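S.K.: Sharing a model that was predicted from the sequence below.
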Amino acid sequence: MMVVVMKPGAQRREIEALANQFKDMGVDVGVTNGVGCSILGLVGDTSQVDMGKIMLNPAVDRVMRVQEPYKKANRKFHPEPTVVKVGPTQVGEGGVTVIAGPCSVESENQIVDVAQAVKKSGAAMLRGGAFKPRTSPYSFQGLEAEGLDLLLEAKAKTGLPIVSEIMSPKFCEVFEEKVDVVQIGARNMQNFDLLKEVGRMSKPVLLKRGLASSYEEWIMSAEYILAGGNQNVILCERGIRTFETYTRNTLDISAIPAIKRMSHLPVIVDPSHASGASWMVEPLAMAAIAAGADGILIEVHNDPPHARCDGQQSLTPVQFDALMKKIGGMVDLMGKELVK
């Protein structure tokens, strides 16, 4: 892959002419129009592209070869941070977006009550699992299609966009129809058939980091989605598996600035799954915002002791409301805005 940086003020006709020149060589070209300049990202066999000849073009500022295996997700390819639009809201640079809701949808009353509560407290999106990947085959697996319909009822009463996890390519059609953000769970981060299929969808994708995945492996999974044509990917750090057993996982705060340096994609954090304990959600959420996270994914349940899934890490609506007030202060301190 190569990146061609155009000079500030380069004319559109000059950019298009150069892009067509590369396409004639059989190279795919992506054009990013930034604040100060435009950038051409060349993907494919660029061995025949002569960097010296490109530099002779008076509209070209510089040419770089990209050595990292990820191309479309690379910050060099797309210097401006990506902002993912989701209905009336968004996830990306300059704001902090809070996504909240129960681990799993259990009933109409439960999901509607939680949705109304988190909306009132300032959440911008509703999360809820209809299809649940569980370690034990005997654990609650979710309400499946019925759960999606209940999420739609909650959306109709609150206006909150829906975030829900997909487990198989065979559900892509129904998720395309009913869900606003398609979540890929940690266990499916390297399910490449699934990644290819969601790459063909029009809905934004929230990609969670795998249990023991490196930054590069995580970004390479996002690359599958981007390569499929879906440019709206949100990365979610949710803790990784380490030798420590006190917490459910270990939240990798350093992933936030690291990924933002490596990639242009927005990064959010799930402190609920990272810790596995409701009392740790607040400090981890605050730390994530301080480190530059673009959003927070929080589990909220109206009756955690009787939750059918992950009640121990879920906040009550009252606790969530108190957290949102503190998050607002941290967001202000970081010079950002709480996204509605």
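M.R.: Cool, got the structure.

S.K.: ok, now which ones touch the closest residue to residue 36 other than its chain neighbours?
M.R.: Leaving out its chain neighbours, the residue that sits closest to residue 36 by Cβ to Cβ, 6 or more residues apart in numbering is residue 8, at 5.4 Å. Just so you know, the C-beta spots here come from the backbone N, C-alpha and C atoms, and that holds for glycine as well. By Cβ atoms under 8 Å, 6 or more residues apart in numbering, the contact list for residue 8 reads 36, 37, 61.

S.K.: Only the buried subset of those residues, as a ChimeraX command please.
M.R.: Under the burial definition 16 or more other Cβ atoms under 10 Å, those of the contacts of residue 8 that qualify are selected in ChimeraX by:
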select :37
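
S.K.: where's the dip in pLDDT among the contacts of residue 8?
M.R.: Note: of the contacts of residue 8, the lowest pLDDT belongs to residue 36, at 76.

S.K.: So it belongs to a strand, correct?
M.R.: No - counting by DSSP: H, G, I helix; E, B strand; the rest coil, residue 36 falls outside a strand, being coil.

S.K.: Could you pull up phi and psi at it?
M.R.: Recorded main-chain torsions at residue 36 are phi -100, psi -20, according to degrees, to the nearest 10.

S.K.: just checking, residue 49 touches residue 3?
M.R.: No - in this structure, residue 49 is not within contact of residue 3 by Cβ atoms under 8 Å, at 11.4 Å.

S.K.: Quickly note the distance from residue 162 to residue 153.
M.R.: 11 Å (Cβ to Cβ, to the nearest Å).

S.K.: Between those two, which has more neighbouring residues?
M.R.: Comparing residue 162 with residue 153 by neighbour count (other Cβ atoms under 10 Å), the higher total belongs to residue 162, at 26 against 14.

S.K.: Can you name the residues that contact the more buried one?
M.R.: 125, 126, 128, 151, 152, 154, 155, 178, 179, 180, 181.

S.K.: now that we have these, which one has the most neighbours?
M.R.: Greatest neighbour count in those, by other Cβ under 10 Å, goes to residue 128: 30 neighbours.

S.K.: show me what contacts it?
M.R.: With contact taken as Cβ under 8 Å, 6+ apart, residue 128 is in contact with 101-102, 104-105, 111, 114, 147, 150-151, 154, 162-164.

S.K.: How far off centre is stretch 325-340?
M.R.: Its chain's average C-alpha position is 19 Å from that of stretch 325-340, according to Cα atoms, centre = their mean, to the nearest Å.

S.K.: Stretch 39-55 now?
M.R.: How far stretch 39-55 lies from its chain's middle: 30 Å, per Cα atoms, centre = their mean.

S.K.: Equivalent analysis for stretch 322-338, please.
M.R.: Remark: stretch 322-338 is offset 20 Å from the chain centroid, using Cα atoms, centre = their mean.

S.K.: Equivalent analysis for stretch 82-101, please.
M.R.: The answer for stretch 82-101 is 9 Å, by Cα atoms, centre = their mean.

S.K.: before we move on, what about stretch 26-43?
M.R.: The chain centre lies 23 Å from the centre of stretch 26-43; the measure is Cα atoms, centre = their mean.

S.K.: so residue 219 makes contact with residue 259?
M.R.: Yes - between residue 219 and residue 259 there is a contact under Cβ under 8 Å: 7.2 Å.

S.K.: Common neighbours of these two, please.
M.R.: 235, 265.

S.K.: ok, which stretches of the stretch 101-250 of the chain are helices?
M.R.: 108-121, 145-158, 172-178, 192-198, 215-227 (DSSP state H, counting those that start in this stretch).

S.K.: Now mean pLDDT and distance to residue 56 too, for those helices, in a markdown table please.
M.R.: A markdown table is the format used below for these (pLDDT from 0 to 100; distance: least, Cβ to Cβ, whole Å):
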| stretch | mean pLDDT | distance to residue 56 |
| --- | --- | --- |
| helix 108-121 | 97 | 57 |
| helix 145-158 | 96 | 55 |
| helix 172-178 | 96 | 46 |
| helix 192-198 | 97 | 39 |
| helix 215-227 | 97 | 31 |
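
S.K.: Okay, now the unreliable bits of the chain?
M.R.: Residue ranges of the chain with pLDDT under 70: 138.

S.K.: Show me how the record splits it into domains.
M.R.: Following automatic domain parsing, one finds the domains of the chain at 2-65, 84-339.

S.K.: Buried deepest among these, which one?
M.R.: Greatest average neighbour count among the domains of the chain goes to domain 84-339 (a mean of 20), per mean count of other Cβ atoms under 10 Å.

S.K.: How far does that domain sit from its chain's centre?
M.R.: Centroid separation for domain 84-339 versus its chain: 8 Å, with Cα atoms, centre = their mean.

S.K.: okay, how far is it across that domain, tip to tip?
M.R.: Domain 84-339 has its terminal residues 12 Å apart, counting by Cα to Cα, to the nearest Å.

S.K.: So which elements touch whichever strand or helix holds residue 338?
M.R.: Residue 338 belongs to strand 337-339 when assigned by DSSP states H and E. Helices and strands touching strand 337-339, by 3 or more Cβ pairs under 8 Å, 6 or more residues apart in numbering; DSSP states H and E, are strand 89-91, strand 95-101, helix 317-333.
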